[in-house]
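Asks: Sequence below, structure please.
(chains A and B)
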Amino acid sequence: MQPKEKRRILITSALPYINGIKHLGNLAGSQLPADVYARFQRLRGHEVLYICATDEHGTPAELAAQDMGISTQAYCDRYHEIQKELGEGFALSFDWFGRSSSDENKALTQHFAHALEANGLIEERTSKQVYSVDDGRFLPDRYVEGTCPHCGYEKARGDQCDNCGRLLDPVDLKNPYSAVSGGTNIEIRDTKHLFLLQSKMQGEIRNWVEASTDWPQLARSIALKWLDEGLRDRAITRDLSWGVPVTRPDGSVRPGFEDKVFYVWFDAPIEYIAATQEWASAADGDWESWWRTDQGAADVEYVQFMGKDNVAFHTVSFPVTIFGSGEDWKTVDKLKAFNWVTWYGGKFSTSNKRGIFMDAALELLPADYWRWYLMANAPEGSDAGFTLEGFQAAINSDLANVLGNFVNRITKYTVSKFDGALPAAGTPGDDEAWMAAELKKSLAEISAHYEAMEFRKAAAETRALWAAGNEYLTRAEPWVKYKSDVDAAAIGVRTGLNLVALFAIVAQPLIPNTAKTILDTLGVPNENRNWPSPDDDNLLDALPHGLPITAPPVLFQKIEDAMVEEWTEQFGGEPIEA
RNA sequence: GGUUCGGUAGCUCAGCUGGUUAGAGCGCACGACUCAUAAUCGUGAGGUCGGGAGUUCAAGUCUCCCCCGAACCA
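Replies: Reported below is the predicted structural model:
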């Protein structure tokens, strides 16, 4: 096979909002698959840059901080650290995990606004906003509550009614009051805001979407739906203090916008680029070679991972900003959208104590257990239900019995019958040829699935390869041959031990920690842990003869029924009432 | 309401541009083996592919209608 050209792959996963701890579904829908993909491509020898960040602006963060009685800055500092640590806990291999509140993002957001305005795509408009006399400020979105004009629910938020689910304009609320002070002295006043004239970009965006034939069906249909309905001009500023200040090109505050900032949906995606700048500053990297097509980024493959709720922003809104700037920015090439993971068919909910969240998960079991199940059951075709029973079955069968036991049986046998050294004797026969053929086929299939970002299939084929290893041992039966011909047994043991290493190498994208444990135990050097080529005829005899072998500790503990019962009690396993 | 996606063995799901006896994993039954985390390997049972009509030599796979579920609608 010809050596593959080294590709440069830029990967971003949707930015988790700063508010609170994310649940397993949030993890499975963008950060985790992005990580698996990044790890795979690194193992293939490609140059990968995996970028993520917390999305920190917007009213929910401010209100949450207020509830805790701390500043929004302090709140974001705290939750950024928590999310960063949880990401590390789940072995998410970000090259950089940034913050949308960074100086880089402020500067870049302002830069884009100036460029857009220079191109006639931003204009000031006067609109009516809810003003609280008691608080002396305008009340955007959730800062105002009142009675829903549609259903009469009395605690509807300014942007959306939690009862009937309809989106609202704050000025339409009946009996409005301030969510800050409770004050009812409310007026509707005129105020200026910046509007992004998305309607002017309609044609250009449509051409781009229609040319992007590689996108999955889900993404294309969502993007075209928005375009069919017509892009609307949207306000990109809000009456808040926490966010990116609205400036003029000379850096001074824009007159009339002293108490306003850019709205979160405008600055958040720009953070993909700004976070790369943050990475460049910290790691002495060249961010422009990843993002500026006039600075070396033309050959970059840009892959975005996101939940389906984010597709429109990535395929339409953010491209308006990018294309509207008139500058040479890299745009997305491939994108992968995920459906939701549900908890027994219902929603994860902190307040209702339904579902396992990222922090709780790591207290129960190591990250690899969750990573395996979430990817083997990724919500790719439709929503996927998380159940503890399904989790238990997958862990016990796939990880403990098929992989864990395989490693255990062959390493222990080597210790007891071959003095803990990889045997050099014996010559490969039919069984080894069969295994080599299985391996070759499996490696090609797993690679193809990862390349296509089909994570369920990649996991299933990885498992099938492990199972083939067990079948091989049944065929080779070294424990039988040992009685009459030690050399004939030796080839089975040697092949089995090489399979252990290969299984771990191939498992690295999905279960990196366990894979490392296995490879460390075998003493496989880092440079030999790259993705194997199906055309390498020496794969089953790659480990050095005489290599000392010890049995690693039990790799996966089984999940007992009692644990499932306990967790069901703790996390609410009952199906949701219709 | 509109749009989109789903409804395939007990469970979770594969089935590309229509074409031999509809597949996998789990679960279940039986058998084999004993190196191993009571693990593993093999065999088998089980499906009128949501319902109805149509196109075709041929439909799970295309068209229409209906039922059910989910999501999205800035």
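
Asks: For stretch A:376-387, which residues meet the burial criterion?
Replies: Residues of stretch A:376-387 classed as buried: A:376, A:377, A:378, A:379, A:380, A:384, A:385, A:386, A:387 (neighbour count, 16 or more other C-beta atoms under 10 Å). For glycine as for every other residue, the C-beta is placed from the backbone atoms N, C-alpha and C.

Asks: So the fifth one sits against residue A:455, correct?
Replies: It stands for residue A:380. Yes. Residue A:380 lies in contact with residue A:455 (C-beta atoms under 8 Å); the separation is 6.7 Å.

Asks: quick one: pLDDT of the residue in chain A positioned nearest to RNA strand B?
Replies: Proximity of chain A to RNA strand B (C-beta to the nearest atom of the strand) peaks at residue A:404, 1.9 Å away. We have a pLDDT of 97 for residue A:404.

Asks: go on, residue A:507?
Replies: At residue A:507, the model reports a pLDDT of 97.

Asks: Check the closest residue to it other than its chain neighbours and give its pLDDT.
Replies: Nearest residue to residue A:507, sequence neighbours excluded (C-beta to C-beta, 6 or more residues apart in numbering): residue A:515, at 4.7 Å. pLDDT for residue A:515: 97.

Asks: give me the number of residues near residue A:515?
Replies: Residue A:515 has 23 neighbours, counted by other C-beta atoms under 10 Å.

Asks: give the contact list for it.
Replies: By C-beta atoms under 8 Å, 6 or more residues apart in numbering, the contact set of residue A:515 is A:504, A:505, A:507, A:508.

Asks: neighbour-wise, which of those leads?
Replies: residue A:504 (26 neighbours).

Asks: can you tell me the helix or strand for it?
Replies: Element membership for residue A:504, per DSSP states H and E: helix A:486-507.

Asks: Number of residues surrounding the residue of chain A closest to RNA strand B?
Replies: 22.

Asks: What of residue A:492?
Replies: Residues lying near residue A:492 (other C-beta under 10 Å) number 27.

Asks: same deal with residue A:562?
Replies: Residue A:562 has 8 neighbours, counted by other C-beta under 10 Å.

Asks: ok, and for the one helix or strand it maps to, which residues are buried?
Replies: Following DSSP H and E, one finds residue A:562 within helix A:561-571. Neighbour counts over helix A:561-571 (16+ other C-beta under 10 Å) mark A:564, A:567, A:571 as buried.

Asks: these two touch, right, the last one and residue A:350?
Replies: No. Between residue A:571 and residue A:350 no contact is recorded; they are 11.3 Å apart, counting by C-beta under 8 Å.

Asks: list the residues that contact both of those two?
Replies: Common contacts of residue A:571 and residue A:350 (C-beta under 8 Å, 6+ apart): none found.

Asks: returning to that earlier point: the helix holding residue A:504 packs against which elements?
Replies: helix A:405-417, helix A:430-451, helix A:455-476, helix A:478-481, helix A:512-522 (3 or more C-beta pairs under 8 Å, 6 or more residues apart in numbering; DSSP states H and E).

Asks: I would like the residues contacting the second one, please.
Replies: Residues outside helix A:430-451 that contact it (C-beta under 8 Å, 6+ apart) are A:36-37, A:40, A:44, A:428, A:455, A:457-458, A:461-462, A:464-465, A:468-469, A:472, A:475-476, A:491-492, A:495, A:499, A:502, A:506, A:509, A:531-535, A:537, A:539-540.

Asks: Output it as PDB, restricted to C-alpha atoms.
Replies: Listed next in PDB are the C-alpha coordinates belonging to helix A:430-451 (Å, rounded to 0.1, in the frame of the first residue of the first chain):
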ATOM      1  CA  ASP A 430      -3.800 -22.800   9.000                       C
ATOM      2  CA  ASP A 431      -5.200 -21.300  12.200                       C
ATOM      3  CA  GLU A 432      -2.800 -18.400  12.100                       C
ATOM      4  CA  ALA A 433      -3.600 -17.800   8.500                       C
ATOM      5  CA  TRP A 434      -7.300 -17.700   9.300                       C
ATOM      6  CA  MET A 435      -6.600 -15.200  12.100                       C
ATOM      7  CA  ALA A 436      -4.400 -13.100   9.900                       C
ATOM      8  CA  ALA A 437      -7.200 -12.900   7.300                       C
ATOM      9  CA  GLU A 438      -9.800 -12.000   9.900                       C
ATOM     10  CA  LEU A 439      -7.500  -9.300  11.200                       C
ATOM     11  CA  LYS A 440      -6.800  -7.900   7.800                       C
ATOM     12  CA  LYS A 441     -10.500  -7.700   7.000                       C
ATOM     13  CA  SER A 442     -11.500  -6.300  10.300                       C
ATOM     14  CA  LEU A 443      -8.800  -3.500  10.400                       C
ATOM     15  CA  ALA A 444     -10.000  -2.300   7.000                       C
ATOM     16  CA  GLU A 445     -13.600  -2.200   8.100                       C
ATOM     17  CA  ILE A 446     -12.900  -0.500  11.400                       C
ATOM     18  CA  SER A 447     -10.900   2.200   9.600                       C
ATOM     19  CA  ALA A 448     -13.600   2.700   7.000                       C
ATOM     20  CA  HIS A 449     -16.300   3.100   9.700                       C
ATOM     21  CA  TYR A 450     -14.200   5.700  11.600                       C
ATOM     22  CA  GLU A 451     -13.500   7.500   8.400                       C
END
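
Asks: hang on, the earlier thing: now the contacts of helix A:430-451: which count as buried?
Replies: Of the contacts of helix A:430-451, these count as buried by 16+ other C-beta under 10 Å: A:36-37, A:40, A:44, A:455, A:457-458, A:461-462, A:465, A:468-469, A:472, A:476, A:491-492, A:495, A:499, A:502, A:506, A:509, A:531-534, A:539-540.

Asks: From residue A:336, how far off is the most far-flung residue of chain A relative to its centre?
Replies: Farthest-out residue of chain A from its mean C-alpha position, per C-alpha atoms, centre = their mean: residue A:484, at 53.5 Å. From residue A:484 across to residue A:336, the span is 54 Å (C-beta to C-beta, to the nearest Å).

Asks: same check, this time on residue A:216
Replies: Taking C-beta to C-beta, one finds residue A:216 at 7 Å from residue A:336.

Asks: Give me the neighbour count for the residue nearest to residue A:407 when sequence neighbours are not counted.
Replies: Leaving aside its sequence neighbours, residue A:407 sits nearest to residue A:500 (C-beta to C-beta, 6+ apart; 5.2 Å). Using other C-beta under 10 Å, residue A:500 has 27 other residues around it.

Asks: Fine, thanks again, bye for now.
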